[in-house]
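*Asks:* Structure for this input, please:
(one chain, ligands or ions: 1)
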Amino acid sequence: MDKHNAWKSFAWESRIAYFSMEIGLSGQIPTYSGGLGVLAGDTIKSAADLKVPMVAVTLLHRKGYFRQQIDSDGWQHEYPVQWNPERLLELLPVKTLVTIEGRDVKIQPWLYRVKSPAGGVVPVIFLDTDIPGNTEADRRLTDTLYGGDSEYRLKQEIVLGIGGARMLAALNFTVRKYHMNEGHAALLTLELLNNIRAPIENTLNERASWDVQQVMDRCVFTTHTPVAAGHDKFPWPVVEKILPEIVPFALLRDLIGKDSLNMTILALKLSRYVNGVAKKHGEISQSMFPGFEIHAITNGIHPFTWASPFFVQLYDRHLPGWAFEPELLVRVDTISDEDFWDAHQGAKAFLTLFIEETTGKKFDPEILTIGFARRYATYKRADLIFSDLQRLVDIGNGKLQLVFAGKSHPHDAPGKELIHRIHEGIHSLSGKIEVVFLQNYNMDVAYRLIPGVDLWLNTPKRPLEASGTSGMKAALNGVPNFSILDGWWIEGHIEDVTGWAIGPPPREKSLAENGSDQEDARDLYDKLEKKIIPRYYEDRAGWIRVMKNAVSKNAYYFNTHVMMRRYVTEAYIR
Ligand SMILES: *Cc1c(COP(=O)(O)O)cnc(C)c1O
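*Replies:* Residues are numbered from 1 along each chain as shown. Now for the predicted structure:
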């Protein structure tokens, strides 16, 4: 087969089409912002490892999310990320069209192949509207992830949902299920409704010709956040101006509701299988959307991607096959404490070097180092550990080091305030507790940061952390979690065994918050002082036991291989 037709070999078997506004495959392809995109990338990699027939669809995002720089006063500034799709992806000789605001917009596909060493391949299609013939504004539609206003977002969602479904057809893919990773792709359901429409002459009632049941049978929807702002809503007048009427607007309004076009409701209404991303998040989603049956499949991480080179070597030596069968990590106790600790100190030295290169600060590899990195949205409460600086110094002077990282969305002023406050804290603690903030958090920074700390901190406001996958990356590298009982940690936490909880246990099936900031901060300090610091410095064997438990009781289960098998048996083959 010649090179230009090689992609046609994907068409022979029917596939799960996985749609996601962001996909994080590597630091080289900056088409993701955070957890949602990295999860999508990890999902695709596990599908390739397990030879699950899948094709993924996303947007090209030529300008990426953004590159973060922090100025000397601790304020975030954003710059476009430049990357070359031409270097990494293959432009396919096919085009499709969508109608936006009454104009035809051409879309072209770029192909990237996710190849597993086990032989599986998952094609990823990146949609691109930067084509001569499109208006200048339309050419910019696939530039910036989560940039622009709400109209820009709706247009991007038309390209992703309707354009993506048409592109798969143009490329001759046979699709057995459409999996919407979050509501951004929900407009694909309209294209399906339009495609499998019953002939009108067979029915007296025009509405009856739209076969909702058949579309439902083909759709799976994963909802990702209990934060209201995370669910896209578009006012009907905007929708009627921009969206092509491939399904009558009146029918849509009947189906979705009169207030606005809510993408989550659209996806819920047209999917047979719906799930949240951790047990607790499934319950929360169920109470947010009564009347739908919402299941739960807990997120995971791709083991080989997130193991530091030191742990890859260690596991290869002692647990061969672990990367394709992460269940083998259950036998981590067959590794000696010495070898395990050496691998950890290797990862720590790798981080220490990175800190020195990027900030000029020298970290001490013998001091207990705490890591915190995530999006700086206010509910994540990055500054909780700074709520009583005097207490932190009393507990940690000479015994603690802290590493922070994370971006705030360019329009999120309170998030930026939070980054600023962290930098003020760094300043106040100077000379007492060494703290650094690593700029431009992305997959490459995460890869060095997470395995290199001794303890992974997470302090979200309950119950707003849907899952929280960075804690799983920590566990895989023998780094215990110290976190609020929310998201996946409710399922992974065993006190003093796999790590430590902060604050009270979760409430049953409740959206209400429990635990105040003060109460949580007090518990955080108490546990650091009475349990964690003494265990680290005075009971090294006991500390290593917790590290190993993080692997054998958390990492063996919270990975995308286990997760993918569940999607196959519970959602895809039904
Ligand atoms: C894993 C990862 C995330 C997700 O982390 P959370 O624990 O969900 O906050 C975000 N950003 C990057 C770069 C990651 O690697």
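*Asks:* Can you list the buried residues in stretch 515-528?
*Replies:* For stretch 515-528, the neighbour count (16 or more other Cβ atoms under 10 Å) marks Gly515, Asp520, Ala521, Arg522, Asp523, Leu524, Tyr525, Lys527, Leu528 as buried. For glycine as for every other residue, the C-beta is placed from the backbone atoms N, C-alpha and C.
*Asks:* Also stretch 553-566?
*Replies:* Result for stretch 553-566 [16+ other Cβ under 10 Å]: buried residues 553-564, 566.
*Asks:* Please apply the same query to stretch 130-148.
*Replies:* By neighbour count with 16+ other Cβ under 10 Å, stretch 130-148 contains the buried residues Asp130, Asn134, Asp138, Arg139, Arg140, Leu141, Thr142, Asp143, Thr144, Leu145, Tyr146, Gly147.
*Asks:* One more: stretch 255-274?
*Replies:* Under 16+ other Cβ under 10 Å, the buried positions of stretch 255-274 are 255-256, 260-274.
*Asks:* what comes into contact with it?
*Replies:* Contacts of stretch 255-274 with the rest of the structure, by Cβ atoms under 8 Å, 6 or more residues apart in numbering, involve 157, 180, 183-187, 189, 192-193, 212, 215-223, 231-236, 239, 243, 252, 285, 289, 292-295, 570-571, 574.
*Asks:* So which of these sit within helices?
*Replies:* Counted as lying in helices by DSSP state H, out of the contacts of stretch 255-274, are 157, 189, 192-193, 212, 215-218, 236, 239, 252, 285.
*Asks:* Mind giving me the PyMOL command for buried ones among the residues you listed?
*Replies:* Buried members of the ones in helices among the contacts of stretch 255-274, defined by 16+ other Cβ under 10 Å, are picked up in PyMOL with:
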select buried, resi 157+189+192+193+215+216+218+236+239+252+285
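*Asks:* now for the ones in helices among the contacts of stretch 255-274, which pair is the farthest apart?
*Replies:* Maximum pairwise distance among those (Cβ to Cβ): 27.8 Å, between Asp217 and Trp236.
*Asks:* circling back to that earlier point, with secondary structure added, can I get the buried residues of stretch 130-148 in TSV?
*Replies:* Output for these, formatted as TSV (DSSP: H, G, I helix; E, B strand; the rest coil):
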residue	secondary structure
Asp130	coil
Asn134	strand
Asp138	helix
Arg139	helix
Arg140	coil
Leu141	coil
Thr142	coil
Asp143	coil
Thr144	coil
Leu145	coil
Tyr146	coil
Gly147	coil
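*Asks:* What is the lowest-pLDDT residue among the residues you listed?
*Replies:* Among the buried residues of stretch 130-148, Gly147 has the lowest pLDDT, at 91.
*Asks:* do you know how far Pro534 is from Trp543?
*Replies:* Between Pro534 and Trp543 the computed distance is 10 Å (Cβ to Cβ, to the nearest Å).
*Asks:* Please identify the residue of the stretch 1-150 of the chain positioned nearest to the ligand.
*Replies:* Closest to the ligand within the stretch 1-150 of the chain is Gly35: 3.2 Å, counting by Cβ to the nearest ligand atom.
*Asks:* List the contacts of that residue.
*Replies:* Residues near Gly35 by Cβ under 8 Å, 6+ apart: Arg374, Arg375, Ser467, Gly468, Thr469, Ser470.
*Asks:* hang on, isn't the fifth one packed against Val38?
*Replies:* Yep, that's Thr469 we're talking about. Yes - applying Cβ atoms under 8 Å, one finds Thr469 in contact with Val38, separated by 6.8 Å.
*Asks:* what's downstream of the helix or strand of the chain with the lowest mean pLDDT, the next helix or strand?
*Replies:* Within the chain, confidence by mean pLDDT, DSSP states H and E is lowest for helix 249-256 among all helices and strands, at a mean of 93. Note on helix 249-256: by DSSP states H and E, the next helix or strand toward the C-terminus is strand 260-262.
*Asks:* Give the partner strands of that following strand in its sheet and their orientations.
*Replies:* Counting by DSSP bridges, the strands paired with strand 260-262 are strand 233-235 (antiparallel).
*Asks:* Columns distance to Gly27 on top of the buried residues of stretch 130-148, output as CSV?
*Replies:* What follows is the buried residues of stretch 130-148, written out as CSV (distance: Cβ to Cβ, whole Å):
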residue, distance to Gly27
Asp130, 23
Asn134, 30
Asp138, 29
Arg139, 26
Arg140, 24
Leu141, 24
Thr142, 20
Asp143, 19
Thr144, 18
Leu145, 15
Tyr146, 18
Gly147, 20
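*Asks:* among those, which two are most distant?
*Replies:* Asn134 and Tyr146 (21.3 Å).
*Asks:* Which residues of the stretch 351-500 of the chain lie near the ligand?
*Replies:* Neighbours of the ligand within the stretch 351-500 of the chain, by Cβ under 6 Å from any ligand atom: Arg374, Tyr441, Asn442, Met443, Ala446, Gly468, Thr469, Ser470, Gly471, Lys473.
*Asks:* quick one: the fifth one is in a strand?
*Replies:* This points to Ala446. No - assigned with three-state DSSP, Ala446 falls outside any strand and is helix.
*Asks:* Tell me which residues touch it, please.
*Replies:* Going by Cβ under 8 Å, 6+ apart, Ala446 touches Val38, Ala373, Ala405, Ser470, Lys473.
*Asks:* which residue does the stretch 151-300 of the chain bring closest to the ligand?
*Replies:* Nearest residue of the stretch 151-300 of the chain to the ligand (Cβ to the nearest ligand atom) works out as Asn299 at 8.3 Å.
*Asks:* Skip the chain neighbours and tell me the closest residue to that residue.
*Replies:* Sequence neighbours aside, Ser467 is the residue nearest to Asn299 in space, at 4.2 Å (criterion: Cβ to Cβ, 6 or more residues apart in numbering).
*Asks:* Just to be sure, Val55 is in a helix?
*Replies:* No - applying three-state DSSP, one finds Val55 to be strand, outside a helix.
*Asks:* and it, how many neighbours?
*Replies:* 23 (other Cβ atoms under 10 Å).
*Asks:* repeat for Trp110
*Replies:* Neighbourhood size, Trp110 [other Cβ under 10 Å]: 17.
*Asks:* before we move on, what SS does it have?
*Replies:* Recorded secondary structure, Trp110: strand (three-state DSSP).
*Asks:* who's in contact with it?
*Replies:* The contact partners of Trp110, by Cβ under 8 Å, 6+ apart, come to Leu60, Pro85, Leu89, Glu90, Leu91, Leu92, Ile125, Phe126, Asp128.
*Asks:* Ok, Leu193 next?
*Replies:* Residues near Leu193 by Cβ under 8 Å, 6+ apart: Trp210, Asp211, Val212, Val215, Ile246, Val247, Leu270.
*Asks:* Looking at those residues, which gets the smallest pLDDT?
*Replies:* Among the contacts of Leu193, Trp210 has the weakest pLDDT, 85.
*Asks:* follow-up on the earlier one: next, format the buried residues of stretch 130-148 as a markdown table and append distance to the ligand.
*Replies:* Listed next are those as a markdown table, based on distance: Cβ to the nearest ligand atom, whole Å:
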| residue | distance to the ligand |
| --- | --- |
| Asp130 | 26 |
| Asn134 | 31 |
| Asp138 | 30 |
| Arg139 | 28 |
| Arg140 | 25 |
| Leu141 | 24 |
| Thr142 | 21 |
| Asp143 | 20 |
| Thr144 | 18 |
| Leu145 | 13 |
| Tyr146 | 14 |
| Gly147 | 18 |
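*Asks:* Around the ligand, which positions in the protein sit nearby?
*Replies:* Counting by Cβ under 6 Å from any ligand atom, the chain comes close to the ligand at 34-35, 38, 374, 441-443, 446, 468-471, 473.
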